[in-house]
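*Asks:* Fold the following.
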Amino acid sequence: MLRNVSAHLELEIFGQTNMVLSLAVAQNNALNSEQLEISLDGRRIEPNEITDRHGTRLHQLVGERGRMTIDYRAEISGAATTLDPSDLDPIVYLRPSRYCESDSLTPTARSEFAGLAGHDLLAAVGSWVGSKLRYVPGSSLPTDGAEQTLLARRGVCRDYAHLVIALLRALDIPARMVAVYAPGLSPMDFHAVCEAYVEGTWHVVDATALAPRQSLVRISTGRDAADIAFLTNHWADLILRDLSVVAVADTLPRDDVRELVQLS
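*Replies:* Below you'll find the predicted structure:
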């Protein structure tokens, strides 16, 4: 499968600020071509690339007051190489985290999914979250976690993923959050899904069902939204004035939610 992805950001920066971008596709993808261009008031800036243990590629730079433009594009062919599981994964991704309060949701998880395990549990949790929530753009705050999402019964992709992750962790299934480019997604944007570890393999669970899981392209991987933000900054403030994301594939697979899918 051939996929083309791009992202365009325009920022207004109010002083010297340390910035970290997470726009590039993860290290394990088969890249045909790639380009990242960053300019501040027309002056080109070269970032420092840092790669984490999951192959997430972070680009760090220091920006000054002014108007910054960021353009990223890549062409990806075929399937990604499999990420090797770490001995830390079953520890880190079973713990509660800032947005995935699995300890608070344990009674709910045990009540709703008693007697299920393995692949059946993944399907049940994904379907349950998909049926309980309404996808409503702008309905949640950046500080909302899984517990608040369940109470509100609505949210966006990050909220769906947080609730799935929290419920699975509460049932002793390691689960983590992945930011992806998502061909077929409408409206187009960055997308977030859950990956759950069952029988020695990470499988994608996307309770939104808004894009074929087979077409997704991994950007970053972490405990929850705090680990996979496309932009973080410290020191001075900035405003995101414009953001556009494009992700297309030469073919869009038909996704059967009953089937197991690995992030390709």
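
*Asks:* Where does the prediction get shaky in the stretch 1-150 of the chain?
*Replies:* 84-85 (pLDDT under 70).

*Asks:* For it, which segments count as helices?
*Replies:* 89-92, 106-112, 118-132, 146-152 (DSSP state H, counting those that start in this stretch).

*Asks:* Counting by contacts, list what the second one packs against.
*Replies:* Using 3 or more CB pairs under 8 Å, 6 or more residues apart in numbering; DSSP states H and E as the contact definition, the elements that helix 106-112 packs against are helix 157-170. Where C-beta positions appear, they are placed from N, C-alpha and C, glycine not excepted.

*Asks:* Equivalent analysis for the longest one, please.
*Replies:* Identification of packing neighbours for helix 118-132 by 3+ CB pairs under 8 Å, 6+ apart yields helix 157-170, strand 191-198, strand 201-205.

*Asks:* mind checking how far the second one is from the chain centre?
*Replies:* Here strand 191-198 is found 8 Å from its chain centre; the criterion is CA atoms, centre = their mean, to the nearest Å.

*Asks:* circling back: could you point out which of the helices of the stretch 1-150 of the chain sits nearest A207?
*Replies:* Among the helices of the stretch 1-150 of the chain, helix 118-132 comes nearest to A207, with 3.9 Å by CB to CB.

*Asks:* isn't R65 right up against G15?
*Replies:* Yes - between R65 and G15 there is a contact at 5.3 Å, judged by CB atoms under 8 Å.

*Asks:* so what are the domain limits for this structure?
*Replies:* 2-79+232-245, 89-227 (automatic domain parsing).

*Asks:* Could you identify which of these is most buried?
*Replies:* Most buried of those by mean neighbour count (mean count of other CB atoms under 10 Å) is domain 89-227; its value is a mean of 20.
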